[in-house]
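Asker: sharing a sequence plus its predicted fold:
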Amino acid sequence: MTRSTTLHNFLVFTLIIGINQSLQISAQTLYRDGAIAPMTRSVEAHVKAWMLVGEDGIIKSLGAGEPSTEIVESANTVLSLEGKIIMPGFVSGHSHLWQSAFRGIAPDGELWPWLQALHWTYGDNYAPGDLKAFTAHGAWDQLCHGVTTTYNHTHWMDHDYAIFLEQFEAEMETPQRFIFSSCVDFQGDSDLWTPRLKALKEQVDVKPENSLLEVALNLRPYGSPEATEAQVDLADELDINFQMHYLEDSGRQEAERSNWPKYKEAGIPTERATFAHFIHTDEAILKDSVEAGVGMVWNPLSNGRLGSGLANIPKYLKRGLPVAMGVDGQASADTSDPFQNMRMGLYATRMQEENSQGLQPIDMLRLHTIDTAVVLDVDSYVGSLEVGKFADFLVINPKSPITGPVWDVAAHLVFACSASNIESIYVGGRKVIENGQPIDFDLDALAQEVETRIIALQARHQADSGKSE
């Protein structure tokens, strides 16, 4: 599914919901008296508003001011959120959830030394169950920080398929919504991968209660030209999007730019494509990407931590490049707090431009919610608070911890709030996080399991290192 089909799908989806709403009003919950920042193009925020959510996890109606008597009477439950802010859950357009177990690794490393310290040091030592535990830990960590939808850019690392698939299994058991960006190993037996991806795609059943939104392709253009073209062809065959790392590392930017002609020849620039990072572009690459409908994902925390550089987002937006935001992996961004991610990006851009008149707080909020959903082709369901969409939202309490009076809702969220101000998190109308803790999941037990598995992983690595000496 490409970005050009999104509007049609949304209109159809909304029409169906509207018909269902006229036929049935039952077990609805009314949230009222708080501010709502819906992240639509037409509205920045309502300082006092209401939202009606059905038992099916769909937003039925919302509006500014006081709800009508009819709306109030249609609700089975009424919750007053006076003094609080409702906003859609954040969307991360680029993440590596399994890296949650490796925070702080290679603190002085840029991208390639960091890869050496993580991927190329421990990549051969994973045991069955490791990637599942690490991925679950990353998903819950993001969810607790307000990321209700994520794009999991998976890794293969030459394991057997069962171990690789643990990344998918972990997410299917977590309430966080996800797009599963699957690897393919076309340097090996390519005939295996088409049925594998088809089997994953057959599990897509988009409903408010289901986690999996879509399957995508982690395109790796590092082998032969034929292998790269085969991956692009596979995405076309299965009608799925793909994402690849491109122009991230400062030290390799010239070499990566020199690859552009062969990437064009392989058919990579297309509406299906999203480039993660995309920092060190040039005029020709930017022009080609805009004309082809390529999207990009900005990862300020990770780019700052690894010293990768600062993407010129104002320029990209002016040229018409679709921009998303991601919190990347927890081993390169270390924290999953999208509030920090927005501030890092906004402040760095303002410092670079020596100007505060460009990107504004509302722009950053939209970039990390609805704009990312658009780039990922899931804006029919998530990314904003609108009738017919999933009731995936955050309740922000600016008084705990105290942040002061709210003069401007969007500015307050971006400048003054953090994940600590998230009082509760809802996915499909169901509360899944309260005061930073899962409602029906033992996160402490998972954290202990991850600690135990990391100790065993380090021991296996040390033993293997001893054998090779």
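Answerer: On my side now, so go ahead.

Asker: so residue 465: helix, strand or coil?
Answerer: For residue 465, the assignment made with DSSP: H, G, I helix; E, B strand; the rest coil gives helix.

Asker: what's the local residue count around it?
Answerer: For residue 465, the neighbour count with other Cβ atoms under 10 Å is 11. C-beta coordinates here come from the backbone N, C-alpha and C atoms, glycine included.

Asker: ok, it - contacts?
Answerer: The contact partners of residue 465, by Cβ atoms under 8 Å, 6 or more residues apart in numbering, come to none.

Asker: per-residue pLDDT of it, please?
Answerer: Residue 465 is assigned 82 on the pLDDT scale.

Asker: where's it relative to residue 119, distance?
Answerer: In this view, residue 465 and residue 119 are 16 Å apart by Cβ to Cβ, to the nearest Å.

Asker: quick check: end-to-end length of stretch 58-70?
Answerer: Stretch 58-70 has an end-to-end distance of 19 Å (Cα to Cα, to the nearest Å).

Asker: where along the stretch 151-300 of the chain do the helices fall?
Answerer: For the stretch 151-300 of the chain, the helices defined by DSSP state H, counting those that start in this stretch occupy 161-172, 193-201, 225-238, 253-258, 260-265, 283-292, 300-305.

Asker: between those, which one is nearest to residue 134?
Answerer: Residue 134 lies closest to helix 161-172 among the helices of the stretch 151-300 of the chain, at 8.1 Å (Cβ to Cβ).

Asker: ok, and what's touching that closest one?
Answerer: Contacts of helix 161-172 (Cβ under 8 Å, 6+ apart): 97-98, 126, 128-133, 135-136, 139, 152, 154-156, 178, 180, 182-183, 192, 196, 200, 203, 211-212.

Asker: list only buried entries from these.
Answerer: By neighbour count, with 16 or more other Cβ atoms under 10 Å, the contacts of helix 161-172 hold 97-98, 126, 130-133, 135-136, 139, 152, 154-156, 178, 180, 182-183, 196, 200, 211-212 as buried.

Asker: any low-confidence regions in the stretch 251-400 of the chain?
Answerer: Residue ranges of the stretch 251-400 of the chain with pLDDT under 70: none are present.

Asker: is residue 125 in contact with residue 459, as I believe?
Answerer: No: using Cβ atoms under 8 Å, residue 125 is not in contact with residue 459; the gap is 9.0 Å.

Asker: between the helices of the stretch 151-300 of the chain, which one is nearest to residue 449?
Answerer: Of all those, helix 161-172 comes closest under Cβ to Cβ, at 11.8 Å.

Asker: enumerate the positions of stretch 236-250 that are buried.
Answerer: Those would be 240-249, for stretch 236-250 by 16+ other Cβ under 10 Å.

Asker: can you put these in TSV and add distance to residue 166 and pLDDT?
Answerer: Listed next are the buried residues of stretch 236-250 as TSV, based on distance: Cβ to Cβ, whole Å; pLDDT from 0 to 100:
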residue	distance to residue 166	pLDDT
240	21	97
241	23	98
242	22	98
243	20	98
244	23	98
245	22	98
246	27	98
247	30	98
248	26	98
249	28	96
